[in-house]
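> Make a model of this:
(chains A, B and C, ligands or ions: 2)
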Amino acid sequence: MTVLQTLVDAVALGLLYALVAMGIGLVFGVMRLVNFAHGELLTAGAYALLLTNDMPLAVGLAACFGAVVALALAMEVVYRPLRTTTPTTMLVTTFAVSFLLQAVALLAFGARGRNVGVLSELNRAVSIGDLRVRWVTLVSIGVGALLLTATALVLARTDVGLQMRAAAMDATTAQLLGVRASTVIRFAFLLAAVVAAAATVLLTVQRPLVTPSYGFQLVIPALVGVVVGGLDRLVSATLGGFAIGFATAVLGDVLPADGRVFLDTALFLLVILVLLVRPGGLFGRTRAAWERV
Amino acid sequence: MRRLAELSGLVAPVLLLALVGVVGTFTSRSVQFQFRFALVMAAIVIALYVFVGSSGVVSFGHVSFVAVGGFAAGLTTVPEALKLSLSPDLFPVIASAEVGNAASLAIAAAVGGVFALIVGVPLMRLSGLSAGIATFAVLVITNNVLRNWEAIGPGARTLSLVPETTSFLQATVGVIAVAALAFLYQRSRWGRVLRASSDDPAAAQGAGVDIYRQRLLAFALSGALAGFAGGLLVHLLGSITTQQVYLDLAFLTLAMLVIGGFRSLWGAVVGALLVSGINSLLLTAERGLDLGIGEVTVPTGTRLVTLGAVMALILLFRPTGVTGGRELTLR
Amino acid sequence: MPDAMLQIRDLELRYAGVPAVRGLTLEVGRGEVVGLVGPNGAGKSSTLLAIMGMVPPYRGEILLEGRPLAGRKTEAIVRSGVALVPERRHIFPELTVEENLRLGLVGRRSRDGASDDLDRVAALFPVVRDARHRAAGVLSGGQQQQLAIARALVARPDLLLLDEPSLGLAPAVVDGVFEALAEVRAGGVTILLVEQRAQFAVGFADRTHVLANGELRLTLSPADAGDSERITAAYFGA
Ligand SMILES: Nc1ncnc2c1ncn2[C@@H]1O[C@H](COP(=O)(O)OP(=O)(O)OP(=O)(O)O)[C@@H](O)[C@H]1O
Ligand SMILES: [Mg+2]
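Ligands and ions are numbered 1, 2, ... in the order given. Next up, the predicted model:
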């Protein structure tokens, strides 16, 4: 049964990474911007949960979603001047914003990790046949799948979703039809924020220790997943996120104990291999346009 | 006259670096360290510039060349007994190697260059963001291996008691040498071809330029310079850990380059010195800044916030960098 | 002409300092059909993109119903009643035909009567109804052109800009497209029609200007449609 055990854990972690990856992909689609500071949305949500530790759950959740959405909308405003610059400058700027936000968190909360207690009862295990899984794993799988589906529906069914897809495929033509860049970009940040906030809640249950680099540590592998999957399409970016989470969990289980410290090496060698074989991404169809900087 | 005008692209950066070196010697001891540190940072940023500036491809990976260079120079200048006490499993060649300061810098450059060459052979086939992420992967792997493989270094422990030979003279001469090599490369046929091809890849391919080979050359050269700069760094600090040459430094040096203007040598130098300068100023302010009207102390931690904010603001409102990516020349 | 829909005065456009259009002055009256023809690189598409606010004028001005467009964003220009059928159609191949049409609705000033307009374009171009749920990319070239025009029409424009609707289409298919355009014109829509194959434009438009090397050379009337020598001379002569 250990195989199944590993698979369940891997799917849960994969879905969490997929949520983060999707947030990055949503913004990239409409703005061609890779937002390194996406991780700080998670960090903000986690600190919001921390500050409301002693309050009712509803207050905590509201604070978390509120903080994440507010920060995302602020980022959208800050990033406006970037719409006309080179990819290199964009990348380094979002990195600088991430650095700044981590420094602010350090100043406000200190370097020491602090424990978020929200929903910690979800860490109890449940037995299904021979399988013992924690509730949070099951909830992560359920909520993750739900959020991915909901986002897909929003993109498929609503007018603004259609405009987002159009802008991601061909920004110039969308603009010529009257699609407002600022509207779709703001909406992309909003969607990404809602998804990030939900991911934060699930994440803090599993990893309750919050530090200033909490989200950053997660966004790096997610971002790698996005590129490995294929940045040019939301589906491939999200799948890439899932794949990296899944691979991390599986590698962590199958690597021999003394080899486990080299997990990152194994993972990133895999990343390089994928990039070499399929530069447009594992799930992308062709060499993507953003290939050329 | 034309030659002179062309050379003037080197004169301005060299003069500025020399000025920092000379002015620094007249400051207090703790400030002196900041000045030398700024010069070493400039060396790292110029090394990075050699690749990024001419290829237009972002590299997060250069700090891994700084890391291997730093560890190589460190490990070849501390006594065998000390090395074995840190890490008993060290390969005998590494454990027994002991050379002088100059030779250790040469080794650092060689190790950095060879490592970059090996890594570059597969990686330089990539471009754009996938190249950026691949170099990032190199950074993570290098750090992970250095941290955990105790046959090649001290692992997660601090390598200390490295001779502190990066004096003002060594820092200044070292960084000027790096700048001169960067300049020579950018004036060379290869440097110009690569730059032209990054401006217009289609045209370059049409003209029969082998972009891959040109990129690989630039990558290896900039890897060697980064390794050398890593040597300067370890001889400045007197010690080194794997975490010092990881994400933070990678980001900081990349930010310095873009803030200065990543398309010119002048931009690389100005960016490195400007950000280092701001950082030192803030560091001093955290310790207490005497403004003549009594001491002003800012709370600990404000330095990073201010530094981050300043960098973000410059990038947002001067996206081509403070120099606009131009060389400072007579013309 | 008191009731001018579009006025272009002394327009100069540049790309990276190189002029693409020079001293262009032309007027399109309400309800008129004006043609703009010229060889490759004459500056036709650039002129249309300038009207849409995508290429900023280096000199000169563009007025819509007497009001200057300078400084207005594309999204605002679209909403004041201008629609472009871009060169090479630029439909969204991965979206369905229906979704492509829905994107046309974005530029409307109001959603009132949208479904009537959708019905009307469906009557004009049956393919947009018949292939509603198919990916637009699988349509034939002629069908894609029809979709692109339909997409522009559902925005209910007062001024329709067409960039080479005949591009890549067989002559018989082009005839079909122009028959549909005749109905659009009958509906009172003002049209500025860019064509490289002059014979299609000259016979259709009330007036046709010949643009070459960024400058206006000559104006032709429908009577000149058969006079291929004059057209050719204007294309390549001084
Ligand atoms: N985005 C651009 N950047 C630089 N130059 C451009 C750009 N677009 C057009 N040009 C140049 O401007 C000139 C006019 O181009 P334009 O596309 O307007 O011509 P056209 O009349 O539409 O030609 P065609 O019949 O081939 O479509 C050409 O010399 C072209 O090379
Ligand atoms: Mg054209």
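> How many residues are close by the residue in chain A that chain B sits nearest to?
Nearest to chain B in chain A, going by CB to the nearest CB, is A:Leu100, at a distance of 3.0 Å. Where you see a C-beta, it was placed from the backbone N, CA and C, and this is true even at glycine. Close neighbours of A:Leu100, defined as other CB atoms under 10 Å in any protein chain shown, add up to 23.
> Which helix or strand contains it?
helix A:87-109 (DSSP states H and E).
> rewinding a little: name all residues that make contact with the spatially closest residue to the residue of chain A closest to chain B that is not a sequence neighbour.
The shortest distance from A:Leu100 to any non-neighbouring residue, by CB to CB, 6 or more residues apart in numbering or on different chains, is to B:Gly308 (3.0 Å). B:Gly308 makes contact with A:Ala96, A:Val97, A:Phe99, A:Leu100, A:Leu101, A:Gln102, A:Ala103, A:Val104 under the criterion CB atoms under 8 Å, 6 or more residues apart in numbering or on different chains.
> which SSE is B:Gly308 in?
Applying DSSP H and E, one finds B:Gly308 within helix B:302-317.
> Can you mark which positions in that helix are buried?
Of all the residues in helix B:302-317, those buried under the rule 16 or more other CB atoms under 10 Å in any protein chain shown are B:302-312, B:314-316.
> Please identify which of these is nearest to B:Pro122.
B:Leu315 (30.8 Å; CB to CB).
> what about that closest one, distance to chain C?
25 Å (CB to the nearest CB, to the nearest Å).
> Spell out which parts of chain A neighbour chain C.
Contact residues (CB under 8 Å from any CB of the partner chain) of chain A with chain C: A:159, A:162-163, A:165-166, A:169-170, A:172-181.
> Can I have the buried ones of these as a PyMOL selection?
Restricted to buried positions by 16+ other CB under 10 Å, the PyMOL selection for these reads:
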select buried, chain A and resi 162+163+165+166+169+170+173+174+175+176+177+178+179+180+181
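> Give me the mean pLDDT for the helix or strand sitting right after the helix holding A:Leu100 along the chain.
Sequence-wise, the next helix or strand downstream of helix A:87-109 (DSSP H and E) is strand A:114-115. Averaged across strand A:114-115, pLDDT comes to 91.
> and what of stretch B:237-255?
When pLDDT is averaged over stretch B:237-255, the result is 92.
> just how off-centre is it within its chain?
Centroid separation for stretch B:237-255 versus its chain: 10 Å, with CA atoms, centre = their mean, to the nearest Å.
> Buried residues of that stretch, list them for me.
Under 16+ other CB under 10 Å, the buried positions of stretch B:237-255 are B:237, B:240-242, B:244-247, B:249-255.
> pLDDT wise, what is the residue nearest to A:Leu100 at?
89.
> Distance from stretch C:158-168 to the middle of the chain?
Chain-centre distance of stretch C:158-168: 3 Å, with CA atoms, centre = their mean.
> Next, the distance between the ends of it.
27 Å (CA to CA, to the nearest Å).
> Help me see whether that stretch makes contact with ligand 2, please.
No. If you take CB under 5 Å from the ion as the test, stretch C:158-168 misses ligand 2, and the best it gets is 6.0 Å.
> What average pLDDT does that stretch get?
Stretch C:158-168 carries an average pLDDT of 94.
> Taking the stretch 201-331 of chain B, what residue is nearest to ligand 2?
B:Ala202 (20.2 Å; CB to the ion).
> sorry, back to before: next, the angle from the helix holding B:Gly308 to helix A:87-109.
Angle, helix B:302-317 to helix A:87-109, by axes from the mean of the first three to the mean of the last three CA atoms, to 10 degrees: 150 degrees.
> now the residue nearest the centre of chain B: how far from chain C?
Per CA atoms, centre = their mean, the C-alpha nearest to the average position across chain B is that of B:Ile44, at 1.1 Å. As judged by CB to the nearest CB, B:Ile44 and chain C stand 35 Å apart.
> got the phi/psi numbers for A:Thr158?
Main-chain dihedrals, A:Thr158, degrees, to the nearest 10: phi -90, psi 160.
> Sorry, slip of the keys, the one I care about is C:Val210.
Dihedral angles (degrees, to the nearest 10) for C:Val210: phi -100, psi 120.
> any idea where the helices of chain C begin and end?
Ranges of helices within chain C are C:44-51, C:74-79, C:97-105, C:114-124, C:127-130, C:141-153, C:171-186, C:198-204, C:228-236, based on DSSP state H.
> So which elements touch the shortest one?
In this structure, helix C:127-130 makes packing contacts with helix C:97-105, helix C:114-124, helix C:141-153, judged by 3 or more CB pairs under 8 Å, 6 or more residues apart in numbering or on different chains; DSSP states H and E.
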